[in-house]
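A.B. asks: okay, here's the prediction I keep looking at, along with the sequence it came from:
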Amino acid sequence: MKKAIFYLLLGVLASVVQGSLLHMGMPVAVVPQLIVVLIIALAFTEVSTFGCVMAFSLGLVMDFSSAVLVGPWAGALVLVFGTLAVLSQRLFIESGIAAMVITFLAVVGANILFSLFGTEYPSMTWEYPKQILGQAMVTALVAPFLLGKLTKRGRRHSSVAHGRRQALSAV
């Protein structure tokens, strides 16, 4: 229960930071998607039903903060979590470069899934892909630091990670 509250509070804090940066007038392309970083940390530390439920809950936080009742972000983040949870048996994010690449791909994938699941498709101009790539790059730059902090805490408290400490990295 403590882990769930911890991740939900981090999700709300990430949503507040992202919303505050947008309300301060920063362009969408330079605002990091911190909730996706939380999903990545969950996928590498909590490969379980708990992780999937938390991914859905964090997606709901993102949906509510973007004025969408239930839907596209929750579905997109669950799919990103599932993909990364499957890959987490072979990939490790201890390397900063690996964390950046994984984060970049996760943000791009989550945004593409969001646009496919959403009822309002963004206009087909160069502006939307530019925003997605900008967000992915900025999020990838901050991800190694945040993932280092989150995965250290997650590995201490997760039973899944105990068997993986001895494994060799594939990246």
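C.D. replies: On my side now, so go ahead. Given the structure is predicted, the values throughout are model-derived calculations rather than measurements. Numbers count the residues shown, from 1 in each chain.
A.B. asks: every contact and neighbour count from this point should use C-alpha atoms.
C.D. replies: Fine.
A.B. asks: residues touching the most centrally placed residue in the chain, list them.
C.D. replies: Residue closest to the average C-alpha location in the chain (C-alpha atoms, centre = their mean): residue 36, at 1.4 Å. By C-alpha atoms under 8 Å, 6 or more residues apart in numbering, the contact list for residue 36 reads 77, 103, 106, 107, 110.
A.B. asks: ramachandran coordinates for the first one?
C.D. replies: Same thing as residue 77. phi -70, psi -30 (degrees, to the nearest 10).
A.B. asks: and it, how close does it get to residue 65?
C.D. replies: Between residue 77 and residue 65 the computed distance is 15 Å (C-alpha to C-alpha, to the nearest Å).
A.B. asks: which of those two has more residues huddled nearby?
C.D. replies: residue 77 (31 against 15; other C-alpha atoms under 10 Å).
A.B. asks: my guess is the more buried one meets residue 59, correct?
C.D. replies: Yes - Residue 77 is within contact range of residue 59, at 5.8 Å (criterion: C-alpha atoms under 8 Å).
A.B. asks: which stretches of the protein have low pLDDT?
C.D. replies: 69, 119-124, 153-171 (pLDDT under 70).
A.B. asks: count of residues packed around residue 12?
C.D. replies: For residue 12, using other C-alpha under 10 Å, the count is 16.
A.B. asks: what about it, helix or strand, and which?
C.D. replies: Assessed by DSSP states H and E, residue 12 sits inside helix 2-23.
A.B. asks: which residues does that helix contact?
C.D. replies: Here helix 2-23 makes contact (C-alpha under 8 Å, 6+ apart) with 28, 31-35, 38, 54, 57-58, 61-62, 65.
A.B. asks: ok, of those, which come out buried?
C.D. replies: Taking 16 or more other C-alpha atoms under 10 Å as the criterion, what is buried in the contacts of helix 2-23 is 28, 31, 32, 33, 34, 35, 38, 54, 57, 58, 61, 62.
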